[in-house]
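Predicted structure and sequence below. I'll ask about it afterward.
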Amino acid sequence: MAEVAKKPDKKESLGRLKSLGLTLPYQIPLLLPNAWDDLTSLVDRFGDLIPAAQSCAVVGRLVGTPEVRFGGAAPMLIGYIADPLGNKLGFNLFGDTREFQESLQSQPDRVILLGQMDIYDGRNWLKTPELVSETWIGRLRPRYSGKPGVIKAETVRERVLSRLNETIPLAGEFLARELAQFGDRARLAELAGYPGWSLESILFHAHLPRTIEHGQVAQQSLHRLAALGIISIASAGKETRVCTKSLDLPDWRVRAKAIPFPLTDEQEQAVMDALSDMSQGAPMHRIISGDVGTGKTAVFAIVAATVVDGGGTVACLLPNSVLATQIFDEITTWWPDLPVQLMTGATRTEELCGSMVVGTTAILFKELGDVDLVIVDELQKTSRAQREQMVGVNTHLLESTATCIPRSQALIRYGAIKVSRLTKNHTPKEIFTRIWQKNEWPDLFAQVKDTLANGDQVLLVYALREKGEEADPAERAPEAAVKKLDMKSATEVYEKWNQMFPGLVRLIHGQMASDEKDSALDDMRAGRANICVATTVIEVGVNLPKLRRVVVVNPERHGASTLHQIRGRVARNGGIGHMDMFIPLPVKAATRERLQVLVATSDGFEVADFDMRLRGIGDLSQSSNKQSGADMTFLFGRPVEIDILDEMIRTVGV
């Protein structure tokens, strides 16, 4: 007999709440309100002036029939209510107001409105009001987020509150189970800052508090519990595997003697730490964090050479062929006897030979066998799946970058990944970073000409390759204040710069063939050109020794980490350089604050930390490939602040 399909239990059905990410009933109490409407008291006298820009609940009788006026961008409803003394208060509402008018007419003697108070012609005026049900009077009404075109905020409130009592016990059980490693229910309430309360009480008051302050405290407590959840996930990300193969590593100092400059104490410590990690019996996962000039390549190259000398195999993954070739050339120059092979899309190598391969993602399509050490340089340019595709049971992973992606930065912060920081430059340099406005372009252009007159080179970075094209989403900042139609493209301005400096300008963008890009860079290095117009393809792996100034146009289109990487192209061999961020149009205050971070610090680790705070930490679970975004917590759509995470780290002593 065929099995009859079971109808979904009505209690298990979430309806359109699923569009907000919910999948099971216990999650309903974890969808928190954003704020509360204070309906504990009503304004019922309109004779006195009420402060403007204030949310206000009023009650009165409807005066006449509201009038709909046309002529603007949308129809506008204008009406009046009066208090018992005959004082009138006007209100206005835009759009389709038919449903609103019907509700007004159904209860004309007692109309309760909630809206934003304004002052017009010396009198109060209520803007964009909504009708309030009598059942909410004397209480705080929670306000939730909806999803345009899918579910209204009012519907979310109705659905959540209708099932709050039945689902709070489920949510309490979930929290107690998921956070059991930190203690029992009483301990969790204490960690949440609500000693003596039950988890269920905290959840209830996060939705329906007695006062707004009480609700904020309850929600803050849930944020602390969510932080514990993140800590738990990050802790689970720590390596627990055991290597079944050991490496007999020789003295690394033998290889270090070939490096053409003395290693800093930080570099030596980074090498020793990495080799020590590999001798502990568990797979290593370490990040080398350092800006351009701090010698990251020397560190991972010495580690790689030592592994090869110990009979191991190494794969080194680079983001592009230019950088792969550059690293390959350096390694073979330092150690001509080392069995190392270059593999890029252009090499088309069929057979693998030697104990070390250096290349681009082309190496991901080759069978490398059991690799002992995988090195990933410029880790922010590869996905987690790419980085770990070569990682086997016994594989050690060493990553290198000037600016960690938010997820890696968070894992470093919470102890799941070890980090070696390099802060000392082999050649002293100082880079001055400045923000320029549109009216300051003549002064900036004059400085560009001065740089060229001194025999130095200039890099001009544009967000778009072609006019009207949208910037690569991976390169965009969280906020994009400038419309693409208002932006200049690299190909567009290349012609203009070439007219001003004929024959001395070169263009580089991601759609060009490799030999075209290499030719442009060769011309810059040979001095046949001294101005390079480029997109952010220039961000990584480009070494122009005479480059002293980079001008980034529309920097608000890029994240802080990308801008710092671009800055790393300047004065690579030491000395003084300039990073100019030119903003053609006004930007938001938050955008300016983000750009100001580049002015305030030249430390890539600090920039990456700021980027993590801005973009979110990403999903720290082992199976995740998400690099940023803060929705990994069990609180839906509510990122947990880094400061709260740090507070809980200190509290539980992880």
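Here it is on my side, so go on.

all contacts plus neighbour counts: C-alpha atoms, from now on.
Will do.

what ranges do the helices span in the stretch 301-450 of the chain?
With DSSP state H, counting those that start in this stretch as the criterion, the stretch 301-450 of the chain has helices at 321-334, 384-388, 406-413, 441-453.

Can you tell me which of these has the worst average pLDDT?
When the helices of the stretch 301-450 of the chain are compared on mean pLDDT, helix 406-413 scores lowest, with a mean of 59.

Distance of the residue lying farthest from the centre of the chain relative to residue 542?
The centre of the chain is farthest from one residue, residue 85, which by Cα atoms, centre = their mean lies 55.8 Å away. Distance of residue 85 to residue 542, given as Cα to Cα, to the nearest Å: 77 Å.

Next: residue 575.
Distance from residue 575 to residue 542, by Cα to Cα: 18 Å.

Neighbours of the closest residue to residue 575 other than its chain neighbours, how many?
Leaving out its chain neighbours, the residue that sits closest to residue 575 by Cα to Cα, 6 or more residues apart in numbering is residue 429, at 4.3 Å. Applying other Cα atoms under 10 Å, we find 15 residues neighbouring residue 429.

can you pull out the strands in the stretch 1-150 of the chain?
35-38, 54-69, 76-82, 88-94, 111-120, 123-131, 140-143 (DSSP state E, counting those that start in this stretch).

just to revisit the earlier point, check contacts around the residue farthest from the centre of the chain.
By Cα atoms under 8 Å, 6 or more residues apart in numbering, residue 85 lies in contact with residue 45.

what about the stretch 1-150 of the chain, any weak spots by pLDDT?
1-12, 53 (pLDDT under 70).

Bridge partners for the residue nearest to residue 80 when sequence neighbours are not counted, pull those for me.
Of all residues beyond its chain neighbours, the one nearest residue 80 is residue 90 (4.4 Å), with distances taken as Cα to Cα, 6+ apart. Note on residue 90: beta-bridge partners by DSSP bridges are residue 80, residue 125.

my read: residue 90 touches residue 128, true?
No - assessed by Cα atoms under 8 Å, residue 90 is found out of contact with residue 128, at 11.1 Å.

For these two, indicate the residue with more neighbours.
Counted by other Cα under 10 Å, residue 90 and residue 128 do not tie: residue 90 has more neighbours, with 17 against 14.

Centre of the chain to the longest helix along the chain, how far?
Counting by DSSP state H, the longest helix found in the chain is helix 212-236. Put simply, helix 212-236 sits 20 Å off its chain's centre (Cα atoms, centre = their mean, to the nearest Å).

which residues touch residue 39?
Contacts of residue 39 were listed using Cα under 8 Å, 6+ apart, and they are 57, 136-141.

Throw together a ChimeraX command that grabs the buried residues out of the residues you listed.
Of the contacts of residue 39, the buried ones can be selected in ChimeraX as follows, counting by 16 or more other Cα atoms under 10 Å:
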select :57,137,139,140,141
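
List just the nearest of the contacts of residue 39 to residue 397.
The nearest member of the contacts of residue 39 to residue 397, counting by Cα to Cα, is residue 141 at 51.7 Å.

Tell me the bridge partners for residue 61.
residue 82.

Just give the number of residues close to it.
20.

That one and residue 106 touch, don't they?
No - checked against Cα under 8 Å, the pair residue 61 and residue 106 is beyond contact range at 11.6 Å.

And the host helix or strand of residue 460, what does it pack against?
Taking DSSP states H and E as the criterion, residue 460 maps to strand 457-461. The contact analysis (3 or more Cα pairs under 8 Å, 6 or more residues apart in numbering; DSSP states H and E) places strand 457-461 against helix 441-453, strand 531-534, strand 547-553.

Measure how far it is from the centre of its chain, please.
27 Å.

buried ones in the helix or strand that it is followed by?
Note on strand 457-461: by DSSP H and E, the next helix or strand toward the C-terminus is helix 490-500. Using 16+ other Cα under 10 Å as the burial criterion, the residues of helix 490-500 that qualify are 490-491, 493-495, 497-498.
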